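Trainee: turn this into a model:
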Amino acid sequence: MKDAALAVGIAVAVRLALALVWPPQCFSCDLKAWRSVARSVPAGANPYVTSMVVNWPPMWMEVLYGLGKISARFDWNLFTCVRVLLTACDAVLILSTFALLRLLDERRSVFRLVLLGLCLNPMLILLTIQQGNFDVVPTIGIVWFVQSLIRFRRGGDAVDWLVAAAWLGLATFAKTFPLVLIPLLAGECRRLGWKVRLTGAALCVGPALLSLAPLYVLNPRRITDVVLFYRGTPGAMGVSGLLQLVCGFDSVLRYAPYFTAALLGVIMGLTAVLWRRPLRRDSDVVLLAAMVLIAVFEFGSGYCPQYWLWVTPLLIVAYAHQPPRFRRLLWVAAALVVLTNVLSFAYEDLLGNFMIWWAPHFPGNTRLQAMFSDTLHDLVLLSLPMTGITLLLWLHGCRLIAAAQTNPSQ
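Mentor: Sure thing, here's the model as predicted:
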């Protein structure tokens, strides 16, 4: 507990200190969008209709409404309110990651691992301070989901399985991407009765469906297009970036429905596999969750830097329980991912280009900013090493899971 408290203290101190000195001009398009939503909702506008920035269930919109009221009541900067809230969420994520690591192995020392991977990770700090992105909220739900699922695997108590379903449902209430982890939940329910299974299904999808139902009634087509079939923003990494580089932007739009259909097929296939052959090791639940989420943005039709937040705590836990070769590969991947994304935060206009404000006279600023403004060419080429190492990491992780199914001692 002392290690966890110290790690949280360091993470919070670093983030709040940066929030105090961060240039007021240095913010992402996300923070700009949050300001627009916080202003429009009290005025009676529906941001799902009047803007293009709301693509998820309404949890974050409701949070922004509350933060907007606090900002107006106490004359606080809205961006500061968002940063403080997200810093608190980061603290919860750090504590949750410690809890998952201790659940798998109470004796292992993990302070340095969490300190480097979460507390002082420059990419995650920039996600909180400069981008102001709220993907930390569903990520907390994912970590809690995995914890409860492991407890169910060990004890067989139906309550733990239902709690896991509830955490996955609440994560989906923030954003819909956690639904791709349903195979892990469904694959463990074969020893439960149908009443428990149906209750779990309701807990899993109920929060998002109930929150979206009134909005859907008001504007069915809009909610269908921008929320239910939202496939992310085409980015520089993975298949999305490669398609833009080779075939142009429109090719990603044509690819998106095929990927969605393929993803649904993979989810159903993986559910069937896990139903027949459950994972043998608890640590593989963590690793498989990470590999499924990585596949969404490595092979999908969209990519943004915050997607790495989905898997960072899971990869930290996997690092502690996987063989040395995986660890070495993960170090290389982490270095490339952090470097590439920090450079994006430094020079990409939409992300806030902090180098332009922090070091305006740096000799390479003009050339690098021009490079990061060209998504179709230079930025995709710069992201190729990240795309390649992510593919290698994903393949190696999948191989480790498959090998453990055959020989659990590996």
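Trainee: how close does residue 301 get to residue 161?
Mentor: Here residue 301 is placed at a distance of 32 Å from residue 161 (C-beta to C-beta, to the nearest Å). Any C-beta I mention is one placed from the backbone N, CA and C, and that applies to glycine too.
Trainee: do the same with residue 312
Mentor: 26 Å.
Trainee: those two - which one has more neighbours?
Mentor: More crowded of residue 312 and residue 161, by other C-beta atoms under 10 Å: residue 161, with 26 against 22.
Trainee: so for the nearest residue to the more buried one once chain neighbours are set aside, what's the pLDDT?
Mentor: Ranked by C-beta to C-beta, 6 or more residues apart in numbering and with sequence neighbours excluded, the top spatial neighbour of residue 161 is residue 152, at 4.4 Å. On pLDDT, residue 152 comes in at 96.
Trainee: ok, now the one 5 residues further on?
Mentor: The predicted local distance difference test score for residue 157 is 94.
Trainee: how deep is it tucked in, by neighbour count?
Mentor: Neighbour count for residue 157, taken as other C-beta under 10 Å: 12.
Trainee: begin at 24, not 1, for the rest of this chat.
Mentor: In the new count, where the first residue is 24, that last one comes out as residue 180.
Trainee: show me what contacts it?
Mentor: Going by C-beta atoms under 8 Å, 6 or more residues apart in numbering, residue 180 touches residue 174.
Trainee: can you report phi and psi for it?
Mentor: When quoted as degrees, to the nearest 10, the phi and psi of residue 180 stand at phi -80, psi 120.
Trainee: distance check, it against residue 187.
Mentor: Distance, residue 180 to residue 187, using C-beta to C-beta: 11 Å.
Trainee: gap between stretch 213-222 and the chain center?
Mentor: 29 Å (C-alpha atoms, centre = their mean, to the nearest Å).
Trainee: that stretch: which residues count as buried?
Mentor: For stretch 213-222, burial by neighbour count (16 or more other C-beta atoms under 10 Å) applies to 215, 219, 220, 222.
Trainee: quick one: contacts for the most centrally placed residue in the chain?
Mentor: Centre of the chain computed as the mean C-alpha position; nearest residue by C-alpha atoms, centre = their mean is residue 333, 2.6 Å away. Counting by C-beta under 8 Å, 6+ apart, residue 333 makes contact with 158, 161, 162, 165, 200, 316.
Trainee: dump the residues you listed to CSV, plus secondary structure and neighbour count.
Mentor: Below are these laid out as CSV (DSSP: H, G, I helix; E, B strand; the rest coil; neighbours: other C-beta atoms under 10 Å):
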residue, secondary structure, neighbour count
158, coil, 23
161, helix, 25
162, helix, 29
165, helix, 25
200, helix, 22
316, helix, 22
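Trainee: ok, so of those, who is nearest residue 271?
Mentor: residue 200 (26.0 Å; C-beta to C-beta).
Trainee: gap between the closest one and residue 268?
Mentor: From residue 200 over to residue 268 the distance is 25 Å, taken as C-beta to C-beta.
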